[in-house]
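Asks: no sequence on this one, just coordinates:
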Ligand code: NI
């Protein structure tokens with residue numbers, strides 16, 4: 001947080017199936033796994049492209065939620081479905097040690113491309129919807145603290161004493 005590369009509007013990917021894109025995704029997967037995150041956006045490793053990855057086997061905050069499949073989402077488009085919001089705790093690999101209580105759309109459609117250039121779309125809700133919104137915000141220069149409304153619910157992990165919250 002504070003690095004100007006996290007504040008840019010990232011550029012769309014124009015070519016798919018390239019070595020360059022494969023190397024970017026490999027770097028992103030390594031970084032996400034190393035830092036034990038649920039998602040990562042290219043700007044978080046200094047790359048100015050509209051590429052996010054995410055996926056999560058299980059989450060203690062959403063015990064009834066299905067796991068989020070390992071996903072590569074390029075040039076994403078998000079469309080809220082209904083106007084219901086949901087608040088939840090978020091962390092971010094670019095904002096280490098902190099957590100905030102963040103409002104997000106509860107349900108949404110998202111569409112985009114995988115690394116081969118195949119277009120896909122999904123309708124999701126809850127934690128899956130939250131992770132997608134968090135990661136796609138990174139492509140528009142938005143970090144989750146910018147969305148916190150109640151700053152009594154923003155602070156250091158150790159001080160907040162929260163149940164298991166994943167890094168996004
Ligand atoms: Ni993040």
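Replies: Okay, I see it. In this text the structure is predicted, and so the values were computed from the model without any measurement. Residues are numbered from 1 along each chain as shown.
Asks: In contact with residue 68: list those residues for me.
Replies: 38, 54-56, 127-128, 131 (C-beta atoms under 8 Å, 6 or more residues apart in numbering). (Glycine included, C-beta is placed from N, CA and C.)
Asks: In this structure, which helix is the longest?
Replies: Longest helix of the chain, by residue count under DSSP state H: helix 19-34.
Asks: which outside residues touch the following helix or strand past that helix?
Replies: Per DSSP states H and E, the first helix or strand lying C-terminal to helix 19-34 is strand 39-41. Applying C-beta under 8 Å, 6+ apart, the external contacts of strand 39-41 come out as 10, 28, 31-32, 51-56, 93, 131, 134-136, 138-139, 168.
Asks: Got a quick ChimeraX command for the buried subset of those residues?
Replies: Buried members of the contacts of strand 39-41, defined by 16 or more other C-beta atoms under 10 Å, are picked up in ChimeraX with:
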select :10,28,32,51,52,53,54,55,56,93,131,134,135,136,138,139,168
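Asks: Just the contacts of strand 39-41: which are in strands?
Replies: 51-56 (DSSP state E).
Asks: With pLDDT and distance to the ion added, can I get those residues in TSV?
Replies: Below are the ones in strands among the contacts of strand 39-41 laid out as TSV (pLDDT from 0 to 100; distance: C-beta to the ion, whole Å):
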residue	pLDDT	distance to the ion
51	98	14
52	98	9
53	98	12
54	97	10
55	95	14
56	88	13
